[in-house]
Every structure is written in structure tokens, then in C-alpha cells.
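Participant: build me a model from this:
(one chain, ligands or ions: 1)
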Amino acid sequence: MNQESPGIPAGEPPVGLAPAIPVREIFRRFWPWVRPDRYWLPVSTALLVAGAAGEVVSVLLFKNLIDNVLVPRNFGGFWATAAAMVVVALASALLVFLGQYTATRIAERFLLRLRTGVVAHLHTLPPDTLRKRWHGDVVARLTTDIDQIEQLVASGVIDAASALISLVFFAAAAFYLSWPLALAACAVAPLFWFAARHFAGRIQRLSRESRRCEGSVTAVVEESLANSELAHAYNQQGREVDRVRRHGQSLVRADLATARVSELYPPLLNVLEVVGGLFVVGLGAFELTQGNLTLGGLLAFAAFMAQLFGPAQELSGVAAVLGTAGAGAERVIELLDTESPIKERPGATALADVRGELRCKGVRAGYGGPDGRPALQCVDFAVAPGEILAVMGPSGAGKSTLAKLLVRFLDPEQGSVLLDGTDLRDATVASVRQAVTLLPQQPQLFHASVRDNIAYGRPDATEEQIVQAAVDADADGFLRLLPNGYDTVLGEEGLQLSGGQARRVAIARALLRATPVLVLDEPTADLDAPSARRVAAPLRRLMSGRTTVLITHDRELAREADAVYRLSADGSGLGMDRSDRSDRRSA
Ligand SMILES: Nc1ncnc2c1ncn2[C@@H]1O[C@H](COP(=O)(O)OP(=O)(O)OP(=O)(O)O)[C@@H](O)[C@H]1O
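Facilitator: Numbers count the residues shown, from 1 in each chain. From the prediction side, this is the model:
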């Protein structure tokens with residue numbers, strides 16, 4: 001995948017093509033999401049087929065009307081036939097409606113399951129794995145691509161099945177009316193088949209590029225808006241618009257290439273239909289002059305031909321849908337096939353009654369870059385329950401990488417991280433995260449009330465517990481001054497709060513979880529000195545009595561620690577210094 005940077009050549013797309021997958025494999029992969037509604041598939045198909053059967057009866061009644069009422073000029077038979085035609089038309093309309101509605105219901109439920117299934121899978125991936133993908137592209141896959149799969153798997157199957165069965169019905173009725181004419185009509189069918197085969201493959205190849213370009217556009221728009229502050233500050237708005245235009249132009253080119261083929265397909269089918277129809281009607285006229293067919297029979301046959309071509313076109317249309325939806329399906333399957341590097345070992349146990357004794361033994365970890373250089377190596381330390389370990393080192397030394405190891409966003413390549421003597425890889429991922437709270441570098445706030453933001457890690461917390469956490473985080477005062485107090489909805493990314501305030505809300509959230517182990521990743525980063533001092537007291541309360549790994553550049557804050565562990569610029573562990581505070585505590 002290309003990672004676009006400002007220096008990339010014009011028009012280079014940031015999103016790669018998903019690997020091609022055969023249609024049968026696509027159906028196999030998506031079937032589990034259709035499965036819960038598998039019994040509704042035949043019901044919907046049966047309703048649609050019954051509706052089609054009604055149309056056959058309608059046409060036969062129409063033949064009856066011509067041969068028994070119009071041709072002999074016998075008006076007396078009109079009312080009975082007309083009444084029967086109205087009843088059949090109503091019944092047929094109702095059946096088709098019910099069939100289509102059931103099909104839509106199956107499709108919608110399939111979409112819901114698939115979309116939530118894909119999101120659930122994405123949530124099993126650690127943040128770094130997810131970050132390797134462009135968020136805008138992921139959103140495009142979750143919306144447009146999934147919508148296209150619906151046409152293929154759910155309604156596609158129903159449409160194809162009902163078209164096929166209707167085709168059999170109309171063909172049988174046509175043979176009943178005149179077998180020579182019906183045989184002639186069948187001779188036209190292979191033309192549709194060849195057209196479908198020719199177009200489906202081409203549409204799929206072109207759609208792949210369209211889908212990829214659409215992912216690129218969404219990715220660029222999302223990144224451009226996310227960085228709008230930088231674009232404004234550096235006066236680069238025009239460049240951002242250009243980027244979107246460039247990727248948009250690629251999408252236009254790809255969409256037009258697809259349209260040149262896919263839009264040619266239906267009119268071509270129409271031409272085939274006209275040619276085939278004329279051929280059959282010509283033959284029918286001949287049969288009429290020979291007295292082998294009545295006028296009503298010929299007109300009814302012509303009506304059947306029209307009905308026959310409908311399902312035949314629909315079946316050929318399924319081929320086009322296979323093309324476009326197949327390309328979308330490949331992109332969704334690529335997401336589903338992204339594996340988490342964090343594996344749950346068979347027989348992994350849940351950590352229970354954690355005291356908080358934390359050890360790193362000869363840890364080496366990295367991101368598997370091309371040079372194979374680790375981000376961390378030879379990291380050895382031990383923290384007793386309730387102790388605070390400050391981790392210091394220059395930028396890029398691997399401090400955040402260490403934080404990721406402690407919450408299993410990453411596993412070591414060598415050595416081990418132990419909690420109460422258990423290797424974290426032998427524990428279930430959920431139980432590790434139940435025991436360890438990470439306070440990330442950037443406080444993250446949801447578009448939700450203050451109360452819900454604080455209770456995020458403990459949704460069952462009572463009002464008193466939430467308020468107490470806010471008080472301990474020194475946030476209660478300013479939260480009560482917000483327009484609706486704890487009910488105030490914080491904007492996306494907490495725009496209504498200052499950096500220091502947002503951090504105190506994040507501290508309240510961490511306090512409320514009350515886990516035995518804490519990992520604080522630069523909790524005073526980007527705060528000015530007064531704001532940093534302001535969060536020091538809440539941080540002290542947060543760390544009190546908990547095993548804490550405190551990653552910080554802030555020497556003042558590091559004084560709170562019992563020991564300091566230093567990392568060198570190349571990520572090597574340099575050893576641990578016990579602090580005066582630790583001596584005081586042990587005295
Ligand atoms: N997701 C990632 N993929 C590849 N390499 C990464 C990733 N995250 C970090 N690195 C690399 O690992 C090394 C350590 O990064 P890390 O973020 O742990 O450093 P840090 O000490 O926390 O830096 P800072 O103090 O600037 O936050 C760096 O060389 C960085 O480029």
C-alpha cells in the first residue's frame with residue numbers, strides 16, 4: 001500500500017488494489033452472514049415465482065379474451081374474463097410485493113450482520129495494525145463496498161433464483177402455446193449468455209479500479225479534514241483541495257471506463273431482445289397465415305416473449321452485478337483477512353486477583369521494519385506492587401512501544417513481560433486489559449456526555465462514583481460550570497475543553513477503572529508548566545497504591561516515582577535507578 005506524503009508525485013493513489021477472489025469463494029465467505037435467514041430465501045423466491053405464475057395466468061386469460069370475446073365479437077364473455085384478470089392481477093401484485101419486501105428484509109439484515117461483523121473484526125486488531133490502513137478507505141469499504149455486496153449475495157441470489165424459475169414458467173407456457181415458436185425463441189437465448197459472459201469479467205476488472213479510486217478519495221478527504229488546522233496555519237488549503245481533485249479525477253476516469261462497458265450492456269441486451277423478438281414474431285405471423293396459431297395465441301405468445309426476456313435480462317444483469325459487487329467484496333474480504341498480530345494462546349488463562357508485580361525480562365520488540373531493527377531491546381526491570389516506575393529516554397527511544405507491550409497492543413519478539421509472574425502472552429487479552437489501564441498520550445473524548453465519557457471504561461459506575469472520580473481528577477469544578485454540567489455533550493475530539501481539562505477528564509476515566517496496574521504515556525505532554533502542575537495532584541491520586549509505569553520527559557513528575565528506568569536513543573535498556581522517594585518509603 002502506498003503511504004502518501006506531501007512529496008508524492010501528482011495523482012499517486014494512497015490505496016492499493018485488493019487481491020482478486022473467485023466468485024464461488026466470495027459466496028462461501030459471505031454465506032455465514034446470510035445463513036440466519038436461509039429459510040427466508042426460498043420463501044421470498046417462492047412468493048416472487050408465484051407472482052410470476054400469476055402473470056402467466058394473466059396472459060392466458062388475455063388470449064382467452066381475444067380468441068373468445070374479441071375475434072367472435074361475443075361481448076357476453078367479457079365480464080367473467082375481465083373479473084378473473086383483475087383478481088389475478090391483484091393477487092400477483094400482492095405476491096410480488098411480499099416477495100420483494102421479504103428479499104429487502106433479508107438483504108438489510110445481511111448488511112447489518114456483515115457490517116457489524118467487519119467492525120467487530122476491526123476491533124480485534126491492535127491500533128497500530130488498524131493505523132496501517134487509511135481510515136477513509138476503511139469507511140468506504142464499510143459503506144459503499146458492503147452495499148454492493150448486498151446486491152450480489154442476498155438480493156442477487158433471490159433475483160437470480162426467481163428469474164430462473166420464472167424463465168422456466170414462461171418457457172413452459174410458450175411451449176404450450178406453440179412449440180415451434182418456443183424453440184425459435186430458445187435459439188436466441190445463447191446470445192444473452194455470450195453477452196453476459198463477455199461483459200461480466202470486463203466490468204469486474206474495471207470496477208476494481210473504481211472501488212480502489214473511491215477508497216483513495218475518501219482516504220484523502222478524511223486526512224485532509226483531519227489536518228485542516230495544519231492546512232490553515234500553513235496556508236495550504238489550496239493544496240489540500242488539489243489533492244482531493246487529483247484523486248477525484250482518477251475516480252472519474254475509472255468510473256467512466258467502467259460506465260463505457262456497464263452502460264453499453266443494457267442497451268445491447270435491448271437490441272438483442274428486439275432482434276430476437278422480431279425473429280419470433282415473424283415466424284409467428286407465418287404460423288398464423290398457415291392456420292397453426294390463433295390471433296389470441298400469437299399475441300399471447302408475444303406477451304410471453306416480453307415476459308421471457310425480462311427474467312433473461314435479469315439473469316444477464318446478475319452477471320454485471322457479479323462484476324461490480326465482486327470488486328467491492330474483494331475489498332471487504334481483504335479487511336476481514338487482516339490478521340491480528342496479537343494471538344490468544346490455546347489454554348490462555350484469565351488473570352485474577354492481580355497484585356501488580358510487573359517484570360520485563362530481556363524484552364526485545366519492534367514493528368518488523370525492512371531493516372529488522374528493534375524499537376526496544378535488552379529491557380529488564382521489576383516493579384513491586386504499588387510502586388511507580390518512571391521511564392525516561394530521548395524521543396524515539398521506544399517508550400510508547402513499552403507502553404504498548406504492557407497492554408498487549410504488541411507482543412515481545414524476545415523475552416517476556418510478566419504480571420504477578422504470569423507471562424502476558426499466557427493470559428487472555430481481555431484479562432490483561434482488565435488489570436492494566438493505559439492513559440494514552442492524547443486524551444481521547446467521545447461525542448457523548450461528560451458522564452458517559454468518564455464512565456467509558458466502567459459503564460456500570462454510579463453517579464457518586466463518577467463524580468468522585470471527577471473530584472479526584474480535579475475536574476469537578478470546571479465540569480459543573482459547563483452549560484449542562486455532567487450532561488454536556490463534548491464535541492468530536494472534545495473541542496469544547498482545553499488540553500489540560502481534557503486530560504483531567506481522561507484521568508477521571510482512568511481513576512474510575514481502578515485497576516491494579518497503570519501505564520501513563522506522557523501524561524503532561526503538550527501542557528504548559530502551570531497546566532502540567534495542575535494535573536500533577538490528580539495524577540498522584542491516580543497512581544497512589546497502584547503499580548504504575550510513568551512514561552515522561554517531565555523531571556518534576558518523575559520525582560513522584562520510586563525508580564527511574566532509562567532507555568537509550570536506540571531503544572536499549574540502560575538500567576534502573578532507585579530514587580530518594582523509594583528509600584524514604586522503604587525506611
Ligand atoms: N506503528 C509503528 N510502526 C513502525 N515503527 C514504529 C511504530 N511506532 C513507533 N515506531 C518506531 O519505533 C521507535 C520507537 O517509537 P516510540 O513511539 O516507542 O518512541 P517514544 O520513545 O515513545 O518517542 P516519543 O518520546 O517521541 O513519543 C521509533 O523509531 C519509531 O519510528
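
Participant: host element of whichever residue of the stretch 1-150 of the chain sits closest to the ligand?
Facilitator: Residue nearest to the ligand within the stretch 1-150 of the chain: residue 128 (4.0 Å; C-beta to the nearest ligand atom). The C-beta positions use only the backbone N, C-alpha and C, and glycine is treated the same way. According to DSSP states H and E, residue 128 maps onto helix 127-131.

Participant: buried residues in that helix?
Facilitator: residue 129 (16 or more other C-beta atoms under 10 Å).

Participant: immediately after it, which helix or strand?
Facilitator: Downstream of helix 127-131 (by DSSP H and E), the next one is helix 135-140.

Participant: centre of the chain to the helix holding residue 128, how far?
Facilitator: The chain centroid and the centroid of helix 127-131 are separated by 15 Å under C-alpha atoms, centre = their mean, to the nearest Å.

Participant: ok, residues contacting that helix?
Facilitator: With contacts defined as C-beta atoms under 8 Å, 6 or more residues apart in numbering, helix 127-131 is touched by 122, 138, 338, 340, 341, 367, 404, 409, 410.

Participant: can you narrow the residues you listed down to the ones near the ligand?
Facilitator: residue 367 (C-beta under 6 Å from any ligand atom).

Participant: possible to save the contacts of helix 127-131 as a markdown table with distance to residue 18?
Facilitator: Output for those, formatted as a markdown table (distance: C-beta to C-beta, whole Å):
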| residue | distance to residue 18 |
| --- | --- |
| 122 | 15 |
| 138 | 12 |
| 338 | 11 |
| 340 | 19 |
| 341 | 20 |
| 367 | 23 |
| 404 | 28 |
| 409 | 26 |
| 410 | 26 |
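
Participant: hmm, who's touching stretch 360-370?
Facilitator: Counting by C-beta under 8 Å, 6+ apart, 128, 372-382, 398, 401-402, 405, 410-418, 573 sit against stretch 360-370.

Participant: helix, strand or coil: sort out the residue nearest to residue 414 when sequence neighbours are not counted for me.
Facilitator: Leaving aside its sequence neighbours, residue 414 sits nearest to residue 364 (C-beta to C-beta, 6 or more residues apart in numbering; 4.0 Å). Here residue 364 is recorded as strand under DSSP: H, G, I helix; E, B strand; the rest coil.

Participant: kindly report the same for the one 10 residues further on.
Facilitator: In three-state terms, and counting by three-state DSSP, residue 374 is coil.

Participant: hmm, it is touching residue 412, no?
Facilitator: No - when contacts are counted by C-beta atoms under 8 Å, residue 374 is not listed as touching residue 412 (9.5 Å).

Participant: the ligand contacts on the chain?
Facilitator: 128, 367, 369, 375, 393, 395, 396, 397, 398, 399, 400, 401.

Participant: report the mean confidence score over stretch 269-285.
Facilitator: Averaged across stretch 269-285, pLDDT comes to 78.

Participant: same check on stretch 446-462?
Facilitator: Here the average pLDDT along stretch 446-462 is 91.

Participant: stretch 191-198 too?
Facilitator: Rounded mean pLDDT across stretch 191-198 is 75.

Participant: which residues are in contact with residue 161?
Facilitator: 41, 45.

Participant: tell me the pLDDT at it?
Facilitator: 76.

Participant: which residue lies nearest the spatial centre of the protein?
Facilitator: Nearest residue to the geometric centre of the chain (C-alpha atoms, centre = their mean): residue 142, 3.0 Å.

Participant: show me the contacts of stretch 360-370 that map onto strands.
Facilitator: The members of these that map onto strands under DSSP state E are 376-382, 414-418, 573.

Participant: of the residues you listed, which is the nearest to the ligand?
Facilitator: Among these, and counting by C-beta to the nearest ligand atom, the member closest to the ligand is residue 376, at 7.4 Å.

Participant: and for the closest residue to the closest one other than its chain neighbours, the neighbour number?
Facilitator: Sequence neighbours aside, residue 398 is the residue nearest to residue 376 in space, at 4.0 Å (criterion: C-beta to C-beta, 6+ apart). Here the number of neighbours of residue 398 (other C-beta atoms under 10 Å) works out to 27.

Participant: name all residues that make contact with residue 398.
Facilitator: By C-beta under 8 Å, 6+ apart, the neighbours of residue 398 are 365, 375, 376, 567, 571.

Participant: switch the cut-off to 6 Å
Facilitator: Going by C-beta atoms under 6 Å, 6 or more residues apart in numbering, residue 398 touches 375, 376, 567, 571.

Participant: of those, which is the most crowded?
Facilitator: Going by other C-beta under 10 Å, residue 376 tops the contacts of residue 398 with 27 neighbours.

Participant: and whichever residue of the stretch 151-300 of the chain sits closest to the ligand, what helix or strand is that in?
Facilitator: As assessed by C-beta to the nearest ligand atom, the ligand sits closest to residue 223 within the stretch 151-300 of the chain, at 16.9 Å. Per DSSP H and E: residue 223 is located in helix 179-226.

Participant: and the helix or strand that comes right after that helix, which residues are buried?
Facilitator: For helix 179-226, the following helix or strand on the C-terminal side (DSSP H and E) is helix 228-233. For helix 228-233, a neighbour-count test (16+ other C-beta under 10 Å) marks residue 231 as buried.

Participant: please enumerate residues in contact with helix 228-233?
Facilitator: With C-beta under 6 Å, 6+ apart, helix 228-233 has contacts from 237, 240.

Participant: run the angle between the following helix or strand past it and helix 179-226 for me.
Facilitator: In the C-terminal direction, the helix or strand that comes right after helix 228-233 (DSSP H and E) is helix 237-262. Counting by axes from the mean of the first three to the mean of the last three C-alpha atoms, to 10 degrees, helix 237-262 points 170 degrees away from the direction of helix 179-226.

Participant: which parts of helix 237-262 are buried?
Facilitator: Applying 16+ other C-beta under 10 Å to helix 237-262 flags 240, 243, 246-248, 250-251, 254-255, 257-258, 261-262 as buried.

Participant: kindly report the same for stretch 372-392.
Facilitator: 374-379, 381, 383-384, 386-392.

Participant: what of stretch 543-556?
Facilitator: Buried, per 16+ other C-beta under 10 Å, within stretch 543-556: 543, 546, 547, 548, 549, 550, 551, 552, 554.
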